Each structure stands twice: as C-alpha cells, then as structure tokens.
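1. Following is a predicted model, sequence given first.
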Amino acid sequence: MNTPDYCSSSTATDSSMAHISNNRRTQTQTKTTTTEESGDAEMWDSLNHNFRQVQTVLDRNRVLIQQVNENHRSRIPDNMIKNVALIQEINGNISKVVSLYSNLSSNFSSNFHQHNPKSDSNDKSESPEA
C-alpha cells in the first residue's frame, strides 16, 4: 500500500513559495537600484553641467586676460583704457565662478546626504563616563 508523501508535497510548495518570495525581493531590490542609479545619474549630470558652466567662465577669463596683456604690451592709451572694462569683466567672472562653485558644493552635499542617510544614533559618539 502506498501512502501519500505529504512531506514532499509540502516541501515542493514551500520551495515554490520561497522562490516567489525571493523573486519579489529581487524585483524590489532591482527597482531600488534602478531608482538610485537614476538619482545618481541625475546628480552626476547636474555636477557635469555646473562644471561646464564654470569652465565656460574660466575660458572666457583666459581670453580676457590675453587681451589685457596684449593691450598692456601695446602701450596705446586707448587700449589701456579698454583694459579697465576688461579687468572689471574678469573680476565679475571670478565672482560668478565663486558663486557657481558654492552652488555646486551645496547641491553635491545635499544630493550626497539624500542618497546616504544616516540615523542620529550613528552620528553621536559615545562619551566616556567620568
């Protein structure tokens, strides 16, 4: 007389349920990873855009400085007067670069903290008791 093997049936069901659970966990992890990767891609795109803005201003300053040097070497009074405006533009561009780097730093810091949250308990150091 053959008795039904309820254990093997139960094991098969358990195995099937474990497979479904693992599959859902993998899908959730994949969605989280994809979301994080898109967030990371956005962060890097933003940084790249900001660095390009900075580089554009620095390239403009390089051209302006070359023009100031040429005007200075020429010793032509009209060119020396033009240098005043060129130097003022260079000064304004330096302020733009400082502002761009400040924004870049703030954006990077906030993006970093959004992607890497820490609990307050991890940030507190334990002080030795006296």
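-> Yep, that arrived.

2. Low-confidence stretches in the protein?
-> Applying pLDDT under 70 to the chain flags residues 1-39, 117-130.

3. ranges for the strands of it?
-> Under the criterion DSSP state E, the chain contains no strands.

4. hey, where'd the helices end up in it?
-> Shown for the chain, the helices assigned by DSSP state H span residues 6-74, 77-115, 120-123.

5. The second one: which residues count as buried?
-> Going back to what we said before, that points to helix 77-115. The neighbour-count check on helix 77-115 (16 or more other C-beta atoms under 10 Å) flags Asn79, Asn83, Leu86, Ile90, Asn93, Lys96, Val97, Leu100, Leu104, Asn111 as buried. Bear in mind the C-beta positions are built from the backbone N, C-alpha and C, glycine included.

6. any idea how far Asn79 is from the fifth one?
-> Distance check for Asn93 against Asn79: by C-beta to C-beta, to the nearest Å, it reads 20 Å.

7. With the fourth one instead?
-> To Asn79, Ile90 is 16 Å away according to C-beta to C-beta.

8. Equivalent analysis for Tyr101, please.
-> The value you get for Tyr101 to Asn79, if C-beta to C-beta is used, is 32 Å.

9. same question, Val97
-> 26 Å.

10. again, but for Asn61
-> In terms of C-beta to C-beta, Asn61 sits 19 Å off from Asn79.

11. cool, and Asn69?
-> 11 Å.

12. Also Ser109?
-> Using C-beta to C-beta, Ser109 is found at 44 Å from Asn79.
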